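Novice: please find the sequence and the predicted model below.
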Amino acid sequence: MWQKVESWIRDQITLLFLRRVASTPRGQAHLLQHLANAESEGEIPLFDVVAEYMERAWKDEGRAKLARIHREDETRHVGMLEGEIARLLKNPLEAQLPESMSFVPLLGERLAPIRKSRIDSDQDVAEFYSALMAIEVRTAHNLKLFAMAFRENQNDIGAQILESIANDEIRHQGYCRSILGRCEISPVDLGRTLRKWSLIEAWAFARLNALDLEFTSHRGLLPLHAFWVSLARRAAGAETQRALRILEREVR
Ligand SMILES: [Fe+2]
Ligand SMILES: [Fe+2]
């Protein structure tokens, strides 16, 4: 019960900020650029690698196909998001973000088993798909909030794009579940791997949020009184610390 209330409160706070940022085309482009970066970074080439493993080790054409559809969807999403940025801004390059604000590299060395760009075992598949699962769950949820903020700011085209991507991300969660269910690792190891990646993702997301608050307020993308901005910065900093503490306590 309390968790539901807490997540509702979080959503309301997130929406408060999203609405403000989405009140200008520059702000909307900024939000879309974050999503486009997250879609295009890092993991796309791994879908082929994991598909080949499933064909080779599992003789499972069906699941290999899921991995390839997933990759095609993510590539298509990048195109949809970039198309919308180009519609909003005369110079779409304006929306580009500094490299330090990329989500997947933020996962940094914690992505090591994935970064080796090889899938040699069912445990590797489970690592990759647990990371994806954590990302898909958050993205699907946040995309709906983004869509609300766009709609409230009269960008129905943008809102539709975001909603359609959100629906794909929900479908991807089903792909993740199907593939994780096929991995020959013990339920305990699977549970541990899922939990590990959900904590890593939560930490990286909190960190990105804190960086983004700095960025949007400096660039004038967050039309909000300085008092609220400084309060939000402090809250974001505390949230990052909290996520890091939990991560360090639970993940060796
Ligand atoms: Fe996507
Ligand atoms: Fe996805």
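Specialist: All right, it came through fine. Numbering: from 1, shown residues only. Ligands and ions are numbered 1, 2, ... in the order given.
Novice: skip the chain neighbours and tell me the closest residue to residue 88.
Specialist: In space, residue 88 comes closest to residue 25 once its chain neighbours are excluded; the distance is 4.3 Å by C-beta to C-beta, 6 or more residues apart in numbering. (C-beta placed from N, C-alpha, C; glycine too.)
Novice: how much space between the one you found and residue 158?
Specialist: With the distance defined as C-beta to C-beta, to the nearest Å, residue 25 ends up 10 Å from residue 158.
Novice: ditto for residue 4
Specialist: In this structure, residue 4 lies at 29 Å from residue 158, with C-beta to C-beta as the measure.
Novice: so where's the stretch 101-250 of the chain shaky on pLDDT?
Specialist: The stretch 101-250 of the chain contains residues with pLDDT under 70 at 108-116.
Novice: next, count neighbours for the residue in it positioned nearest to ligand 2.
Specialist: The stretch 101-250 of the chain approaches ligand 2 most closely through residue 172 (3.8 Å), counting by C-beta to the ion. Burial of residue 172, expressed as a neighbour count using other C-beta atoms under 10 Å, amounts to 22.
Novice: that one contacts residue 73, correct?
Specialist: Yes. Taking contacts as C-beta atoms under 8 Å, residue 172 lies within contact range of residue 73: 6.9 Å.
Novice: circling back: so what sits against both of residue 25 and residue 158?
Specialist: Counting by C-beta atoms under 8 Å, 6 or more residues apart in numbering, the contacts common to residue 25 and residue 158 are residue 88.
Novice: which one of the two has more residues nearby?
Specialist: Neighbour totals were compared for residue 25 and residue 158, and residue 158 leads with 26 against 17 (other C-beta under 10 Å).
Novice: figure out the helix or strand that the residue nearest to that one when sequence neighbours are not counted lives in.
Specialist: Taking C-beta to C-beta, 6+ apart, and ignoring the residues beside it in sequence, residue 158 has residue 150 as its nearest neighbour in space, at 4.3 Å. Under DSSP states H and E, the secondary-structure element containing residue 150 is helix 122-152.
Novice: what sits up against the strand or helix carrying residue 229?
Specialist: Assigning secondary structure by DSSP H and E places residue 229 in helix 226-250. Outside helix 226-250, the residues that touch it by C-beta under 8 Å, 6+ apart are 17, 195-196, 199-200, 202-203, 205-207, 209-210, 213-214, 217, 222, 224.
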